[in-house]
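Asker: need coordinates for the below:
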Amino acid sequence: MKNSARRRQLYAVPAVEQMLDIVEYLARNHRAYGITETARALSITTNSAFRILRCLVARGYAETDDGGGYRLGTKFFTLGMQLQARFELRRRARPHLERLCGQSGETVQLYGLQEDHALVLDCVTPAASSFIQVVPGSRMAIHASAFSKAALAFLPVDEVRRHLPRKLAALTPHTCTDKNKLFSELARIRASGLAYDYQGYMLGIYCIGAPVFAVNGVAVAGVGLTGLVSVAQPGKQAALERLVLACAEHISHSLGYGGDQFQHFQASRGKRS
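Answerer: You can find the predicted model right below:
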């Protein structure tokens with residue numbers, strides 16, 4: 001216990017802790033509170049309370065009432081709804097991820113997009129001697145993963161540009177670091193519904209991904225499988241692609257999606273074959 005307390009003290013950031021104290025205080029009490037009242041309740045200086053509250057107001061995390069009191073703002077509600085949507089997506093996707101894992105014998109992953117990186121929402125691993133393990137919650141490079149590219153491909157171009165970092169890092173010799181080439185790749189993904197990563201994220205690893213659509217038709221995630229190049233069988237790729245698309249379609253339907261994107265993808269596959 002002493003070591004734990006010592007570590008907390010070592011990494012403490014007083015201004016951040018005071019801000020969180022204010023946020024939690026306002027969350028517990030539903031009416032608006034004045035600066036002096038808040039400072040007294042939390043044993044912090046009036047100047048600190050004023051500066052923190054004004055910063056929270058400027059960012060949309062707090063608001064003032066007609067009497068000059070402060071309460072939490074709508075930005076917290078927005079964040080909460082985003083988290084709820086992410087947890088709901090993971091809950092609804094889980095049985096379909098497990099089914100794809102069992103059918104393919106490969107690791108299955110679900111990614112969401114978050115600012116300039118991809119976020120691993122879930123990962124299901126097979127009962128095999130060798131497989132890839134990715135920890136949910138991990139942040140991944142957004143431009144190199146098949147799963148994040150599958151979601152990026154169906155966003156407006158301006159939104160894609162906002163997600164991409166200024167410079168695309170070369171994670172391996174096979175990573176696409178040219179934005180023009182990446183946008184050309186995204187166009188191909190829009191036509192087929194399938195995204196690929198062949199040793200572009202990590203040497204020795206390949207991935208096949210497809211987009212997941214929400215009820216409003218917006219791509220909210222990418223899903224697919226990850227395997228080892230050393231044991232991959234080229235003759236099985238077409239079957240794996242069908243399984244990935246089917247998984248993405250089932251998850252999308254479970255979220256209320258009723259569009260015809262997956263019919264277009266199937267028609268595109270038919271033309272290629």
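
Asker: OK, contacts around the residue nearest to residue 230 when sequence neighbours are not counted?
Answerer: Once flanking residues are discounted, residue 230 sits nearest to residue 204: 6.5 Å by CB to CB, 6 or more residues apart in numbering. In short, each C-beta sits where N, CA and C put it, glycine included. Shown in contact with residue 204 (CB atoms under 8 Å, 6 or more residues apart in numbering): 228-230.

Asker: what does residue 205 give?
Answerer: With CB under 8 Å, 6+ apart, residue 205 has these contacts: 132, 197, 199, 226-229.

Asker: quick check on it: phi, psi?
Answerer: phi -120, psi 140 (degrees, to the nearest 10).

Asker: report pLDDT for it.
Answerer: At residue 205, the model reports a pLDDT of 93.

Asker: could you check how far it is from residue 141?
Answerer: 13 Å (CB to CB, to the nearest Å).

Asker: of the contacts of residue 204, buried ones?
Answerer: Buried residues within the contacts of residue 204, counting neighbours by 16 or more other CB atoms under 10 Å: none.

Asker: would JSON lines of these with pLDDT, distance to residue 18 and secondary structure be doable?
Answerer: Below are the contacts of residue 204 laid out as JSON lines (pLDDT from 0 to 100; distance: CB to CB, whole Å; DSSP: H, G, I helix; E, B strand; the rest coil):
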{"residue": "228", "pLDDT": "90", "distance to residue 18": "49", "secondary structure": "strand"}
{"residue": "229", "pLDDT": "89", "distance to residue 18": "51", "secondary structure": "helix"}
{"residue": "230", "pLDDT": "83", "distance to residue 18": "53", "secondary structure": "helix"}
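
Asker: how about the nearest residue to residue 148 once chain neighbours are set aside, what does it touch?
Answerer: Once flanking residues are discounted, residue 148 sits nearest to residue 118: 3.7 Å by CB to CB, 6+ apart. By CB under 8 Å, 6+ apart, residue 118 lies in contact with 111-112, 139-142, 145, 147-148, 222.
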